[in-house]
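*Asks:* everything below, folded, please.
(one chain, ligands or ions: 1)
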Amino acid sequence: MDKLFIHGGQPLRGQITISGSKNAALPIMAASLLTEEPLRLRNLPKLADIASMRSLLEQHGVVTTPVHAVAEQSAGADLQAERILSTTAPYEIVRKMRASVLVLGPLLARAGKATVSLPGGCAIGTRPIDLHLMGLERLGAEISFNDGYVHAAAPNGLRGAEIVFPSISVGATENLLMAASLAQGETRLINVAREPEIVDLAHCLQAMGADIEGAGSDRIRVRGKERLHGAEHRIIPDRIEAGTYAMAAAITDGELELLDARESDLLFVIETLERCGVKVTPTNRGLQVRRANGRLAAADMTTSEFPGFPTDLQAQFMAMMSTAEGVSHIEEHIFENRFMHVPELTRMGAQIATQGACATVTGCETLRGAPVMATDLRASVSLVLAGLAAEGRTELNRVYHLDRGYERLEEKLGACGAQIERVPA
Ligand code: EPZ
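*Replies:* Alright, predicted model coming up:
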């Protein structure tokens, strides 16, 4: 397994191009199952999770053809599900990537049935799919379970319904949005996720002919269609990558311009960073980030659904608060076990005490480089941020976690002055 070696202490200076959003691309790729015509996607990030979704879709019958546009640095691809070859999403793929569950709604809508391995838990929590299944049952699907798989069937097609979610789920909103697009009649989804990735999926579905209103609000109305057609869609930039690199600039006392980053995706994050003494200025190409003056100030933060502070930036924010002046109280309200980065940051000298969903971070002047272990995607990048600011050398093991969500991380950071090297194991 590859390792990353980071020699900290260099302020990051320069520009970083933000890649396409992993969490927008994954559901949008699954949406290719909804039509037999080609869906052309641009600005796809080159990530392990995207490759996993591609191989999952290919075994369902999606033919993927790379599309090279000279003008664009990023990747493009045509995805076409002329025929559905299999309606089963196997355990060996689903266990590696929980977003595989996003094929459930499209397969059910297109083929009238789906057999998807239950995702099982992961490092950050049990990750159930009860809200996905409740919604699909409301659309008329028959759901059963055996040998670790969920079996869904709608032999006479799905019928529109009103679905009130008891709690907000990004994935369940996405699955139901895709299923309802081909259901007979009108569906009203209430208490849904409002993330920019939901809006991007809705935009892609509308380009495919779906009749959707209200994406980005807490209720969405879908008038089902007989069929959807092919379309072309550019994936939005990754707001979590942008937020991560904004914090990299802050923690190293550097200055970065994040190209293609969108202020509207990060309003609450920007407000929180400004409370820490970080200046974020929109430019005509993205966002300029640097410290306002002097040491970072500690600030409290609580994660919540969009438009609140995203749970996917909590670990990175904690690393940043580890070097701030003062005490920061961080509360994680989305996942039940998302503090795995704490013991690793502590090995680098961070002073963090946790109690349930709360972490109290007492900032210190400097962190010390150390060998540390990546446990999940966002925890691992928080260790990179700490390593960039620490004195000495940090050795990050299990770098494959990073490759799931950060395209060319060491290249992007290295180009801005970071001393970071990937060593193949
Ligand atoms: C999406 O996961 C993202 N993944 C996650 O990003 C992100 O952290 C999460 O949304 C929250 O913003 C993708 O988009 C591929 P949820 P998802 O359903 O859809 C509970 C990353 O690092 N829940 O909104 O799985 C669940 O356990 C990843 O890029 C149920 O109880 O998240 C969690 O506590 C990590 N029942 C909460 O809701 C359900 O049926 C939010 O989960 C579904 C979810």
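*Asks:* show me the domain layout of the chain.
*Replies:* Structurally, the chain divides into domains by automatic domain parsing as follows: 3-18+237-423, 22-234.
*Asks:* endpoints of the shortest one, how far apart?
*Replies:* Read it as domain 3-18+237-423. From its first residue to its last, domain 3-18+237-423 covers 5 Å (CA to CA, to the nearest Å).
*Asks:* same deal with the longest one?
*Replies:* Across its full length, domain 22-234 reaches 12 Å end to end, with CA to CA as the criterion.
*Asks:* are that domain and the ligand in contact anywhere?
*Replies:* Yes - legend: contact between domain 22-234 and the ligand by CB under 6 Å from any ligand atom is shown at 23, 26, 98-99, 125, 127-132, 169-172. Where you see a C-beta, it was placed from the backbone N, CA and C, and this is true even at glycine.
*Asks:* pLDDT (mean, whole number) over that domain?
*Replies:* Summarised as a single mean, pLDDT over domain 22-234 is 95.
*Asks:* before we move on, back to that, mind putting the domains of the chain into TSV with mean neighbour count?
*Replies:* Conversion of the domains of the chain to TSV gives the following (neighbours: other CB atoms under 10 Å):
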stretch	mean neighbour count
domain 3-18+237-423	20
domain 22-234	19
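*Asks:* please name the residues that touch the closest residue to residue 213 other than its chain neighbours.
*Replies:* Spatial nearest neighbour of residue 213, excluding adjacent residues (CB to CB, 6 or more residues apart in numbering): residue 221 at 4.8 Å. Under the criterion of CB atoms under 8 Å, 6 or more residues apart in numbering, the neighbours of residue 221 are 186, 187, 188, 189, 212, 213, 214.
*Asks:* narrow these to those in helices?
*Replies:* With helices identified by DSSP state H, none of the entries of those belong to them.
*Asks:* and which of those residues is nearest to residue 234?
*Replies:* Comparing the contacts of residue 221 against residue 234 with CB to CB picks out residue 212 as the nearest, at 18.1 Å.
*Asks:* now the residue nearest to residue 213: which helix or strand?
*Replies:* Following DSSP states H and E, one finds residue 221 within strand 219-223.
*Asks:* who does that strand pair up with?
*Replies:* When sheet partners are counted by DSSP bridges, strand 219-223 sits next to strand 186-190 (antiparallel), strand 211-213 (antiparallel).
*Asks:* any chance of those in a markdown table, plus distance to residue 228?
*Replies:* Putting the strands paired with strand 219-223 into a markdown table (distance: least, CB to CB, whole Å) gives the following:
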| stretch | distance to residue 228 |
| --- | --- |
| strand 186-190 | 15 |
| strand 211-213 | 10 |
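*Asks:* mind checking which of those strands is nearest residue 68?
*Replies:* When the strands paired with strand 219-223 are compared for distance to residue 68 using CB to CB, the nearest one is strand 211-213, at 31.0 Å.
*Asks:* which residues are in contact with the closest one?
*Replies:* Residues lying outside strand 211-213 but in contact with it, judged by CB under 8 Å, 6+ apart, are 177, 181, 202, 205, 206, 220, 221, 222, 223, 224, 225.
*Asks:* ok, residue 311 - contacts?
*Replies:* With contact taken as CB under 8 Å, 6+ apart, residue 311 is in contact with 303, 332, 333, 334, 335, 338.
*Asks:* one more time with 7 Å
*Replies:* 303, 332, 334, 335, 338 (CB atoms under 7 Å, 6 or more residues apart in numbering).
*Asks:* now it: how far from the ligand?
*Replies:* Distance of residue 311 to the ligand, computed by CB to the nearest ligand atom, to the nearest Å: 5 Å.
*Asks:* ditto for residue 321
*Replies:* Relative to the ligand, residue 321 is positioned 19 Å away (criterion: CB to the nearest ligand atom).
*Asks:* my guess is residue 9 meets residue 391, correct?
*Replies:* Yes - under the contact definition of CB atoms under 7 Å, residue 9 touches residue 391, with a separation of 6.3 Å.
*Asks:* just the contacts of residue 311 that are near the ligand?
*Replies:* Within the set of the contacts of residue 311, contact with the ligand (CB under 6 Å from any ligand atom) is found for 334, 335.
*Asks:* which helix or strand contains the residue in the chain sticking out farthest from the centre?
*Replies:* No residue in the chain sits farther from the centre than residue 156, which is 34.1 Å out by CA atoms, centre = their mean. Using DSSP H and E, no element contains residue 156; it sits outside every helix and strand.
*Asks:* quick check: residues of the stretch 251-400 of the chain near the ligand?
*Replies:* With CB under 6 Å from any ligand atom as the criterion, the stretch 251-400 of the chain comes near the ligand at residues 311, 312, 334, 335, 377, 378.
*Asks:* my guess is the second one contacts residue 377, does it?
*Replies:* No - contact criterion CB under 7 Å: residue 312 and residue 377 do not qualify, at 8.2 Å.
*Asks:* list residues touching both of those two?
*Replies:* Listed as contacting both residue 312 and residue 377 by CB under 7 Å, 6+ apart is no residue at all.
*Asks:* output the residues of the stretch 251-400 of the chain next to the ligand in CSV; the columns should cover secondary structure and pLDDT.
*Replies:* Converted to CSV, these look like this (DSSP: H, G, I helix; E, B strand; the rest coil; pLDDT from 0 to 100):
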residue, secondary structure, pLDDT
311, helix, 98
312, helix, 98
334, coil, 95
335, coil, 92
377, helix, 92
378, helix, 94
